[in-house]
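> Sharing a model that was predicted from the sequence below.
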Amino acid sequence: MNRKVAVIGAGSWGTALAMHAANCGHEVCLWVHSQDALKLLLETRENQIYFPGFKLPQKVTPTPEVSCVREVDRILFAVPSPHFRKVYEQILPNISDGAVLISAIKGMEPDSCKRISEVVKELSGNRFVYTVLSGPSFAQEVALKHPTAVVIGCGDIEISKEIQHDFSSNYFRLYYNPDITGIEVAACVKNIIAIAAGAVSGLGYGYNTLSGLITRGLAEVSRLVVALGGQPATLSGLAGLGDLILTCTGNLSRNRQVGIELGKGKKIHEITAQMRMVAEGVKTTKAIRTIAQRHGVSMPITEQVYRVIYEDQDPRDAILELMSRELKQE
């Protein structure tokens, strides 16, 4: 069934999702916040600022109007997590009853430490069906139609199956999982572990160090997911292990790139000043650390990433502290 789809956010991920939705046969409106990006999109059909090299399909209509969400069946959110609340408040009065919300955001609200699902519930209760799209998926590779497998998190199995059929293709395969909490938490924490993984590379360490870090990072994610009511099985799937491997090892990972530069000795303000797009893990680190402390969850890698970013800890000292912790059973 061809649907009307709105994609909120025209960064690399939002643009790639809009292109994919159009390739699936849907009519797509792409909400663009940046006036410069909008101008270029309308003139050239290419997002030259955030996603150069890809032309928009004809079924994608760029627009600055929040009214674009009226009468649409599916609304995909791909905005940076710190801006989600403001954007959602803007478009909320225009959303039609019956629309399904799909969050493709891999972060949380920094100040409140709320997941995107919690912000949606705070602002609109249970008015809309909320789902989350996650898994190992670089925007560029989706746009290039490289075979990609992701997961849709939703408590309603029938809606999950509808979304599977809406957006699956011969290069983009969706699985479904009812564990929204587990998927959202995994999507947040993997960015923190990816910063650590990048630092490992920046320091010149090899695959022994990296594989140990990823494995222990997965243990941290698992502990927090369980503490927040999620399912441990989610961590062995695409939203957990799959996305963690991709983000910690892939050269297209912005969080990994932040870590590499930290490992080379740059300060976080220098690194972020040079980045055009958001690395969600930088702000998520503080929020996840707060949540872990609140729930009494041990997250030593997250703690060291926090110290490197916010307390100017030397990354090499951070590694030494992790290696010097009390010996214990795996």
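That came through fine.

> If I look at the residue lying closest to L252 once chain neighbours are set aside, what pLDDT would I see?
Among residues not flanking L252 along the chain, F138 sits closest, at 4.4 Å (CB to CB, 6 or more residues apart in numbering). Every residue, glycine included, has its C-beta placed from N, CA and C. F138 carries a pLDDT value of 98.

> How about the one 10 residues further on?
Looking at T148, its pLDDT is 99.

> shouldn't it be in contact with S137?
Yes. Contact criterion CB atoms under 8 Å: T148 and S137 qualify, at 5.3 Å.

> neighbour-wise, which of the two wins?
S137 (24 against 19; other CB atoms under 10 Å).

> ok, that one touching V150?
Yes. If you go by CB under 8 Å, S137 and V150 touch, sitting 5.3 Å apart.

> residue contacts, A139?
For A139, the contacting residues are S12, W13, T15, A16, L17, F51, by CB atoms under 8 Å, 6 or more residues apart in numbering.

> Oops, could you answer that again for G153 instead?
Contact criterion CB under 8 Å, 6+ apart gives 131-134, 176-180, 182-184, 239 as the residues in contact with G153.

> Specify the beta-bridge partners of it.
V132, N177 (DSSP bridges).

> Just the strands from the stretch 151-300 of the chain, written as ranges.
172-177 (DSSP state E, counting those that start in this stretch).

> Low-confidence ranges, it, go.
277-278 (pLDDT under 70).

> That one: helices as residue ranges?
Remark: helices assigned in the stretch 151-300 of the chain by DSSP state H, counting those that start in this stretch are 157-167, 180-202, 207-227, 243-249, 254-263, 268-273, 281-295, 300-310.

> JSON lines for these, including distance to L41 and mean neighbour count?
Shown next, in JSON lines, are these (distance: least, CB to CB, whole Å; neighbours: other CB atoms under 10 Å):
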{"stretch": "helix 157-167", "distance to L41": "22", "mean neighbour count": "17"}
{"stretch": "helix 180-202", "distance to L41": "27", "mean neighbour count": "28"}
{"stretch": "helix 207-227", "distance to L41": "36", "mean neighbour count": "18"}
{"stretch": "helix 243-249", "distance to L41": "27", "mean neighbour count": "23"}
{"stretch": "helix 254-263", "distance to L41": "22", "mean neighbour count": "25"}
{"stretch": "helix 268-273", "distance to L41": "25", "mean neighbour count": "13"}
{"stretch": "helix 281-295", "distance to L41": "27", "mean neighbour count": "20"}
{"stretch": "helix 300-310", "distance to L41": "33", "mean neighbour count": "22"}
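
> Minimum distance to N94: which of these has it?
Nearest to N94, of all the helices of the stretch 151-300 of the chain, is helix 157-167, at 21.0 Å by CB to CB.

> any residues touching the closest one, and which ones?
Residues outside helix 157-167 that contact it (CB under 8 Å, 6+ apart): 1, 3, 20-21, 24, 26, 74, 100, 102, 129, 131, 152, 154, 174-176, 178.

> And the buried ones among these, selectable in PyMOL?
Only the buried entries of the contacts of helix 157-167 go into this PyMOL selection, using 16 or more other CB atoms under 10 Å:
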select buried, resi 3+20+21+24+26+74+100+102+129+131+152+154+174+175+176+178
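
> And the helices of the stretch 151-300 of the chain: which comes nearest K121?
Comparing these by CB to CB, helix 180-202 comes nearest, at 10.8 Å.

> what residue lies at the spatial centre of this structure?
Nearest to the mean C-alpha position of the chain, by CA atoms, centre = their mean, lies K106 at 2.1 Å.

> wouldn't that one be in contact with A194 here?
No. Counting by CB under 8 Å, K106 stays clear of A194, with 10.5 Å between them.

> What lies in contact with stretch 106-117?
Counting by CB under 8 Å, 6+ apart, 77, 80-82, 84-85, 103, 105, 119, 122, 130, 132, 134, 180-181, 184-185, 187-188, 190-191, 243, 280-281, 283-284, 286-288, 290-291 sit against stretch 106-117.

> Regarding G204, what are the backbone dihedral angles?
Main-chain dihedrals, G204, degrees, to the nearest 10: phi 90, psi 10.

> and if you look at P62?
According to degrees, to the nearest 10, P62 has phi -70, psi 140.

> Look up how far L17 lies from it.
To L17, P62 is 14 Å away according to CB to CB, to the nearest Å.

> more neighbours, those two?
Each of P62 and L17 has its neighbours counted (other CB under 10 Å); L17 has more, 28 against 23.

> show me the contacts for the more buried one.
Going by CB under 8 Å, 6+ apart, L17 touches V7, L76, A78, A104, A139, V142.

> which other residues reach stretch 196-209?
210, 213-214, 217, 247-249, 253, 255-264, 301, 304-305, 308, 315-316, 318-319.

> Please parse this protein into its domains.
4-178, 189-323 (automatic domain parsing).

> any chance of these in a markdown table, plus distance to Q329?
Converted to a markdown table, these look like this (distance: least, CB to CB, whole Å):
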| stretch | distance to Q329 |
| --- | --- |
| domain 4-178 | 29 |
| domain 189-323 | 12 |
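
> Thank you, goodbye.
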